[in-house]
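Trainee: Predicted model and sequence follow; I will ask about them next.
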Amino acid sequence: MENNIDIKTRLAAFDAEWSEAGDGLYRIPARSFRKAAEYLKEEGGFDFLRSLTGMDWGEKGLGCVYHLENTSTGANVVLATADENRDNPSLPSVHDLWKGANLNEREAYDFFGIKFIGHPDLRRLFLRDDWKGHPFRKDYDESLNPLNMENESQDDTALSYEMTKAGDYILKRHPLFEEEEYVINIGPQHPATHGVLRFRVSLEGETIKKIDPHCGYIHRGIEKLCETSTYPQTLGFTDRLDYLGAMQNRHALCMCIEKALGLQVSDRIQYIRTIMDELQRIDSHLLYISCLCQDMGALTVFFFGFRDREKVLDILEQTTGGRLIQTYNTIGGVQADIHPDFTRKVKEFIKYMRSKMDEYHEIFTGNVIAQKRLVGTGVLSREDAISFGATGGTGRASGWACDVRKRHPYGVYDKVDFKEIVCSEGDCFARYMVRVKEIEESLKIMEQLIDNIPEGEYQMKVKPIIKLPEGSWYSAVEGSRGEFGVFIESHGDKYPYRVKFRSTGLPLVACVDTISRNAKIADLIAIGGTLDYVIPDIDR
Amino acid sequence: MKRKVNIKSMEYEDFNDNEYIEGMLKELRENGTNVIVGCLDDVIEWGRSNSLWPLTFATSCCGIEFMAIGAARYDFARFGFEVARSSPRQADFIMVAGTITHKMAPVLKRLYDQMADPKYVVATGGCAISGGPFKKSYHVVDGVDKIIPVDVYIPGCPPRPEAMLYGLMQLQRKVKAQRFLGGINKGISEKEYEKLMRADTNTAEDSKAYDESGLA
């Protein structure tokens, strides 16, 4: 970590304080934070904003935690900054340094009321515009917001705040859409948005000029619920975030808690978890292909995909008892040992799935309609993918090798031989091909592991009441659609002080506007289908 | 007239809660039935119960299981739920599959209002029934029966596809027991009808917050 020492000395110039607890982070005062961020982006090469977490530190004020990564060296740095003024907190915006910060800052504004100075569009992201208060603050009063059945009115102006030298705010309003623009509404009830996402699309003829995404129709406040749950209780929520990555999500949270406890799990657990993650990935990618094809009118592939997906679910169900939501991983292990038939069934499935891959290629990949609609549409450049933080298959299709399994190996991924699928085109077809090829890689990973599951415990000994020491931790797994991260801050209680889940889908929604501009409205369906976002994961 | 409600998909004895449907039949037949209208009803209900089309509506996890029952292995088209319609105008019932949040609630109500009568609601999964694991949340409606009248509840998190099929068959029985000409399509005003439908839902506390028009 020679790099770390250098950063430490350089950041000291911005009055940064190193705080050791947990993973460790640099506390930077709000007045010099913007300069420090600029330095890290421009000179430090930290071009990937992994996660941005709003925080309420009580008397120490409201603030944010930033997880940054340098994509060329793999170096990581964690920053924290806070404003002590609880009534009117403000922080400098970094939306121009990392495009991914745009929606994340809107989220922090929504949850904590932090005003980001210089942010061009500081509207609420998840909650209704007429919501009172900011729910993630520790002093939030829940009785302020009873169920409101009035239809939501739409304010077509974006707010931004500027600060004068004297410390006063200037509120500016910018129109989102011009008076003469033709704006159509897609969603929240639309079969092609894969859930309850809503787009407002400005059109010129058939050509998309601008897209304004609206989230929050399935915002359940899971992170807030975690703050009143014990650590084992928080596990149940992760399965319901991205239900097509239930295993991986729970794996991430368990890993994070185990890291904080300093608990090493046995090899057997690592093997089982890794195989389960890969089964889940195949399940998710099959559903991805099914839904994409269904959206584009190829209904047969939908039935093919679900036929094969049921085979994966059978295997998962036999061991875990759950089809879609398995609640399998626990802190320090897994719920139950693998079923005696598990090994045989997985091997049968690997053989079966390999033979079926050709069917997909035959019916869809080479299809002339699919080719015409996918090749060359919705191009996301590598720079944009990194800047938005669009990880997973989307990032890899744009040429960014962003696989967490390779960047920060966990489980037994460092022991298996597999290829990270990277394309360079960045269009819809590349995003589709990455997923299809990843199914084959997942089969390869499972094949290497399935015969070598070592003997051992499937559940380590853990205290009945789990208390994490003071500090903050972040761990990430490669979810079905990108980096799924968990950030926990503990103050030594049996409840977490703050839990943040790095959504895999939020960056994907953030980049929809950029990549669909000047595309045709019909392409939006293909773009949305290939980006592969799951809405409950975005809204949390 | 009919004393038992039989549907072709499942034997009468195989259902667990026949008392409920018998009670409902008794209530409906209390004042006797007109022979001609009753026979016509039988034919119409036979047709209606065997061709119930769902609205493609899903907010979260249960929606994936809803897709699974539409796919090859479980295939609910076998029982008459032939195709899922994306437009509420063409759907017979709405399967509320997933959590309903405060922001989504007015949208769901509007979708329900847009459906043509007679319409039905199936609350699928813990979230739609009571708020499920998110009951304590600041942004979750604890039960869709607070905003729209529910006909069938399917518990589970998410319910297995078999459970969903069982629930849908219960809905078929309910549809078959109803009287189309002499009851549910009697030409009563919308307000009266809503009142009737809501009589058996526990909405007393929220009745004032309920938006009558349903239009923005």
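Mentor: Done, it's in. Numbers count the residues shown, from 1 in each chain, chains lettered A, B, ... in the order given.
Trainee: The biggest helix by length in chain A close to chain B?
Mentor: The longest helix of chain A (DSSP state H) is helix A:267-295. Yes: against chain B, helix A:267-295 shows contacts by CB under 8 Å from any CB of the partner chain at A:Leu287. Any C-beta I mention is one placed from the backbone N, CA and C, and that applies to glycine too.
Trainee: which parts of the longest helix seen in chain B are buried?
Mentor: Counting residues, the longest helix found in chain B (DSSP H) is helix B:161-177. For helix B:161-177, burial by neighbour count (16 or more other CB atoms under 10 Å in any protein chain shown) applies to B:161, B:163-177.
Trainee: do whatever helix or strand A:Trp473 lives in and chain B meet?
Mentor: Taking DSSP states H and E as the criterion, A:Trp473 maps to strand A:471-479. No: with CB under 8 Å from any CB as the criterion, chain B is not reached by strand A:471-479; the gap is at least 15.5 Å.
Trainee: Report the angle between that strand and helix A:267-295.
Mentor: Between the axes of strand A:471-479 and helix A:267-295, defined by axes from the mean of the first three to the mean of the last three CA atoms, to 10 degrees, the angle is 60 degrees.
Trainee: which residues sit against strand A:471-479?
Mentor: A:21-23, A:25, A:50-51, A:65, A:67, A:78, A:242, A:245, A:248-249, A:251-252, A:255-256, A:259-260, A:277, A:392, A:403-405, A:408, A:410, A:483-490, A:502, A:504 (CB atoms under 8 Å, 6 or more residues apart in numbering or on different chains).
Trainee: Show me what the helix or strand following it is packed against.
Mentor: Moving toward the C-terminus from strand A:471-479, the next helix or strand (DSSP H and E) is strand A:482-490. Here strand A:482-490 touches strand A:48-56, strand A:62-69, helix A:246-261, helix A:392-397, strand A:471-479, strand A:498-502, going by 3 or more CB pairs under 8 Å, 6 or more residues apart in numbering or on different chains; DSSP states H and E.
Trainee: and strand A:482-490, average pLDDT?
Mentor: The pLDDT scores in strand A:482-490 average 90.
Trainee: For chain B, which segments count as helices?
Mentor: B:18-28, B:35-49, B:61-70, B:105-114, B:125-130, B:161-177, B:190-199.
Trainee: and the fourth one, does that touch chain A?
Mentor: Yes: contact between helix B:105-114 and chain A, assessed by CB under 8 Å from any CB, occurs at B:105-107, B:109-111.
Trainee: Send me that helix as PDB with only the CA atoms.
Mentor: In PDB, the C-alpha atoms belonging to helix B:105-114 read as follows (Å, rounded to 0.1, in the frame of the first residue of the first chain):
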ATOM      1  CA  ALA B 105     -50.800   3.900  -4.000                       C
ATOM      2  CA  PRO B 106     -52.500   6.700  -6.000                       C
ATOM      3  CA  VAL B 107     -51.300   5.000  -9.200                       C
ATOM      4  CA  LEU B 108     -52.700   1.700  -8.200                       C
ATOM      5  CA  LYS B 109     -56.000   3.300  -7.300                       C
ATOM      6  CA  ARG B 110     -56.100   4.900 -10.700                       C
ATOM      7  CA  LEU B 111     -55.400   1.700 -12.400                       C
ATOM      8  CA  TYR B 112     -58.100   0.000 -10.500                       C
ATOM      9  CA  ASP B 113     -60.500   2.800 -11.400                       C
ATOM     10  CA  GLN B 114     -59.600   2.500 -15.100                       C
END
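Trainee: Tell me which other helices or strands it touches.
Mentor: Looks like helix B:105-114 contacts strand B:93-97 (3+ CB pairs under 8 Å, 6+ apart).
Trainee: and what of the longest one?
Mentor: Here helix B:161-177 is seen to pack against helix B:18-28, helix B:35-49, helix B:61-70, strand B:120-124, strand B:152-154 when contacts are counted using 3+ CB pairs under 8 Å, 6+ apart.
Trainee: List of residues touching that helix?
Mentor: B:5-7, B:9-10, B:15, B:21, B:24-25, B:28, B:45-46, B:48-50, B:52, B:65-66, B:68-69, B:73-74, B:76, B:79-81, B:93, B:118, B:120, B:122, B:124, B:151-156, B:159.
Trainee: Tell me the gap between stretch A:334-341 and the middle of its chain.
Mentor: Centre-to-centre, stretch A:334-341 and its host chain are 29 Å apart (CA atoms, centre = their mean, to the nearest Å).
Trainee: Determine how far the last residue of it lies from the first.
Mentor: Terminal residues of stretch A:334-341 are spaced 17 Å apart (CA to CA, to the nearest Å).
Trainee: What residues sit buried inside that stretch?
Mentor: Buried, per 16+ other CB under 10 Å, within stretch A:334-341: A:334, A:338.
Trainee: Helix, strand, or coil at A:Leu91?
Mentor: Taken by DSSP: H, G, I helix; E, B strand; the rest coil, the conformation at A:Leu91 corresponds to strand.
Trainee: Tell me how many other residues crowd A:Phe126.
Mentor: By other CB atoms under 10 Å in any protein chain shown, the residues close to A:Phe126 number 24.
Trainee: Now residue 61. Nearest residue, chain neighbours left out?
Mentor: Just so you know, I chose chain A. Ranked by CB to CB, 6 or more residues apart in numbering or on different chains and with sequence neighbours excluded, the top spatial neighbour of A:Gly61 is A:Glu84, at 3.8 Å.
Trainee: Correction: the question concerned chain B.
Mentor: A:Tyr243 (4.2 Å).
Trainee: Let me see the contact set for the one you found.
Mentor: Applying CB under 8 Å, 6+ apart, we find A:Tyr243 in contact with A:324-325, A:534, A:536, B:60-61, B:64.
Trainee: 10 Å - rerun?
Mentor: By CB atoms under 10 Å, 6 or more residues apart in numbering or on different chains, the contact list for A:Tyr243 reads A:249, A:284, A:324-325, A:534, A:536-537, B:60-65, B:98, B:158.
Trainee: how much space is there between it and B:Gly125?
Mentor: Counting by CB to CB, to the nearest Å, the separation of A:Tyr243 from B:Gly125 is 11 Å.
Trainee: any shared contact partners between those two?
Mentor: B:60-63, B:65, B:98, B:158.
Trainee: If I look at the residue nearest to A:Gly61, what pLDDT would I see?
Mentor: Note on A:Glu84: pLDDT of 82.
Trainee: isn't it right next to A:Ala30, touching?
Mentor: Yes: in this structure A:Glu84 lies within contact range of A:Ala30 using CB atoms under 10 Å: 8.6 Å.
Trainee: out of those two, which sits in the busier spot?
Mentor: A:Ala30 (19 against 13).
Trainee: Check that one and give its pLDDT.
Mentor: In this model, A:Ala30 is scored at 83, pLDDT.
Trainee: now A:Tyr169
Mentor: In this model, A:Tyr169 carries a pLDDT of 77.
Trainee: now swap in B:Ala204 and tell me
Mentor: Here, the pLDDT recorded for B:Ala204 equals 43.
Trainee: Check A:Cys256 too.
Mentor: Reported pLDDT for A:Cys256: 90.
Trainee: and what of B:Leu55?
Mentor: 88.
Trainee: How much space separates the closest residue to it other than its chain neighbours from A:Tyr169?
Mentor: Computed as CB to CB, 6+ apart, the closest residue to B:Leu55 that is not its neighbour in sequence is B:Ala91, at 3.6 Å. B:Ala91 is 48 Å from A:Tyr169, where distance means CB to CB.
Trainee: The two: which has the busier surroundings?
Mentor: Using other CB under 10 Å, the more surrounded residue of B:Ala91 and A:Tyr169 is B:Ala91, with 24 against 13.
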